[in-house]
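In: Build the 3D model from these lines:
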Amino acid sequence: MKVLMVTSECAPFIKTGGLADVAGALPGALAALGVEVKTVLPAYPDLFPLLAQGKEVASFGDLPGGPGRLVEVTAEGVTLLLLDAPQLFDRPGAPYTGPDGKDWLDNHARFAALSQAAARISFDGLSGWVPDIVHAHDWQAGLTPVYLKQDGRRPPASVITIHNIAFQGRFGPHVMGDLQLSSDWFHPDGLEYYGDVSFLKAALVYADRISTVSPTYAQEILTPKFGMGLEGVLNNRAGDVSGILNGIDLDVWNPMTDPALAATYGPQTLDTKAKNRAEVARRLTLDPDHDGPLFCVVSRLTLQKGLDALAGVLPRLVESGGQLALLGSGDPILEQAFQQAAKRFPGKVGVHIGYDEAFSHLIQAGSDAILIPSRFEPCGLTQLYGLRYGTLPVVARTGGLADTVVDANHAALSAGVATGFVFDDVSVAGIDTVLGRVFDAYGDRALWRKMQVSAMRQQVGWEESARQYVQMYETLIA
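Out: Numbering: from 1, shown residues only. The predicted structure follows:
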């Protein structure tokens, strides 16, 4: 079976969030099941060294936004088809925004070009390699199923995976000409979305199958609370919607071999976590002799993540004997709130604004618990990293958080299967209440250690999820 992935991010090459981790790890998991994957990815400046190592396999003179070519190269175990279109992707800043933090005004053309290049090779193939399935990820690849259907030839089956329905790729109707789309398709049952074009809505209408990244989120997005305005479209296709839980790369995230750690450890050597905690304390100027629990946050700082409520409960967290290590960036107001907390509680709250992949591994290894009070969370990966590293997740009951963390309630504790703490009320009061449970459990060192071992034994890899993807592909091909 041959699968063409289409994505705007792919770890470790380019990353802004969990989409990149999935796009980087899933091909390897599928390969273990006999699936051959090639991944279409924009050639951002960070990927220019790979262009020199690869081979041109296709060229296009008339993509939205101008000409481009595909360069095939294998790196880090992933076969990439890099879309080299300098006028679209040779720019400073992040993948979607410039140095000023604002979206590029031609994002519609940039990612339409990505989608159209993928659609064209889906028909024409590459030296005899023709995909059976085209698997697009998020709004940036959302026009891929549209171009497949608009071509007129019989297309391969297509899948769209929603990693976060809040991001929809919405643009004014004036872009229709730039996108090379038929005006006949601009209507409420097609591309039109409240007068605009929505790349994600288009994918939900025209893809053969819709998946998202956890079973609970697949049900949540059918409701007005979580559907972000697209719940009607999704309910019309409810029979084609499924949730397949994300996994993580068990080689990259392995506390027994992780080169980013001050000291490696496993379920039987959990005392060694203390060396990582000491290094986190040194780097964030936390009190190294503190004997209460060290909580961590590794996250985008946004209201979605519930971090405004967490900021409000920090005085109580510190007063109760906790410390906080935070790594992240995002909303300037939230950045400022946590920086002020670090000044107010020196030695108790340490903050690093920005992102550092290696430091994120160290913080996970050095902390006792990871806080994820998200108001919605399609899947979440940081709780999976926490489980893997014996850093107990404290999570809101939503999306993939609800699917992956077993709450330390009486029944789960009695059965020895609890792996973290789950709560419902994302507010200062709600977080304060669950923190009380965490402090109580931390005070029972034998209980805490038992939960850590249970967490580290959870299956958080891609094996089962990859099998579910293969089953979905096989159904589509049949």
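In: Run a quick neighbour tally on D62.
Out: When neighbours are counted by other Cβ atoms under 10 Å, D62 registers 10. (Each C-beta comes from the backbone N, C-alpha and C, glycine too.)
In: Same check on the one 10 residues further on?
Out: Other residues within reach of E72, judged by other Cβ under 10 Å, total 17.
In: what do you get for P67?
Out: 15.
In: which residues touch it?
Out: Residues in contact with P67, defined by Cβ atoms under 8 Å, 6 or more residues apart in numbering, are S59, F60, G61, A85.
In: Now the helix or strand hosting G386: average pLDDT?
Out: Assigned by DSSP states H and E, G386 belongs to helix 382-388. Mean pLDDT, computed over helix 382-388, is 97.
In: Also stretch 49-57?
Out: 96.
In: again with stretch 239-247
Out: On average, stretch 239-247 scores 96.
In: If you count neighbours, what's buried in that stretch?
Out: V241, S242, G243, I244, L245, N246, G247 (16 or more other Cβ atoms under 10 Å).
In: so which of those comes closest to P255?
Out: Comparing those against P255 with Cβ to Cβ places G247 closest, at 16.6 Å.
In: measure the closest residue to the closest one other than its chain neighbours to A218 for me?
Out: Closest residue in space to G247, ignoring its immediate chain neighbours: W462 at 3.6 Å, by Cβ to Cβ, 6 or more residues apart in numbering. Plainly put, W462 is 18 Å away from A218 if you go by Cβ to Cβ, to the nearest Å.
In: and if you look at A11?
Out: From A11 to A218 the distance is 24 Å (Cβ to Cβ).
In: and if you look at G232?
Out: Distance from G232 to A218, by Cβ to Cβ: 16 Å.
In: Please apply the same query to P95.
Out: From P95 to A218 the distance is 26 Å (Cβ to Cβ).
In: got it, and G390?
Out: 29 Å.
In: Please identify which of these two sits among more neighbours.
Out: Set G390 next to A218 and count neighbours by other Cβ under 10 Å: G390 wins out with 26 against 22.
In: Surely that one is in a helix?
Out: No: counting by DSSP: H, G, I helix; E, B strand; the rest coil, one finds G390 to be coil, located in no helix.
In: Surely it and T269 touch.
Out: No: with contact defined as Cβ atoms under 8 Å, G390 does not count as touching T269 (10.2 Å).
In: sorry, back to before: Serialize the buried residues of stretch 239-247 to CSV and add fields for secondary structure.
Out: Listed next are these as CSV, based on three-state DSSP:
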residue, secondary structure
V241, strand
S242, strand
G243, strand
I244, coil
L245, coil
N246, coil
G247, coil
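In: In these, find the pair that's most separated.
Out: Pairwise across these, and taking Cβ to Cβ, the largest span is found between V241 and G247, at 19.9 Å.
In: returning to what we had before: which secondary structure elements does the helix holding G386 contact?
Out: Secondary-structure packing of helix 382-388 (3 or more Cβ pairs under 8 Å, 6 or more residues apart in numbering; DSSP states H and E): strand 294-301, helix 357-366, strand 369-372, strand 392-396, helix 399-404, helix 445-456.
In: Between the ones you listed, which one is closest to V35.
Out: Evaluated over the helices and strands packed on helix 382-388, closeness to V35 peaks at helix 399-404, with 23.0 Å, by Cβ to Cβ.
In: Any idea how far that closest one is from the middle of the chain?
Out: Relative to its chain's centre, helix 399-404 lies at 13 Å (Cα atoms, centre = their mean, to the nearest Å).
In: for stretch 106-115, same thing?
Out: Mean C-alpha position of stretch 106-115 versus that of the full chain (Cα atoms, centre = their mean) differs by 21 Å.
In: same deal with stretch 291-310?
Out: That offset, for stretch 291-310, works out to 17 Å (Cα atoms, centre = their mean).
In: all helices of the stretch 151-300 of the chain, in order?
Out: 199-206, 215-220, 224-227, 231-236, 273-284 (DSSP state H, counting those that start in this stretch).
In: ok, and for the helix or strand harbouring E56, which residues are buried?
Out: For E56, the host element (DSSP H and E) is strand 55-63. Neighbour counts over strand 55-63 (16+ other Cβ under 10 Å) mark V57, A58, F60, L63 as buried.
In: on that earlier part again, closest one to F123 among the helices of the stretch 151-300 of the chain?
Out: Closest among the helices of the stretch 151-300 of the chain, using Cβ to Cβ: helix 199-206, at 15.6 Å.
In: For that closest one, give the mean pLDDT please.
Out: 98.
In: Which strands or helices does that helix pack on?
Out: helix 107-124, helix 144-150, strand 157-162, helix 231-236.
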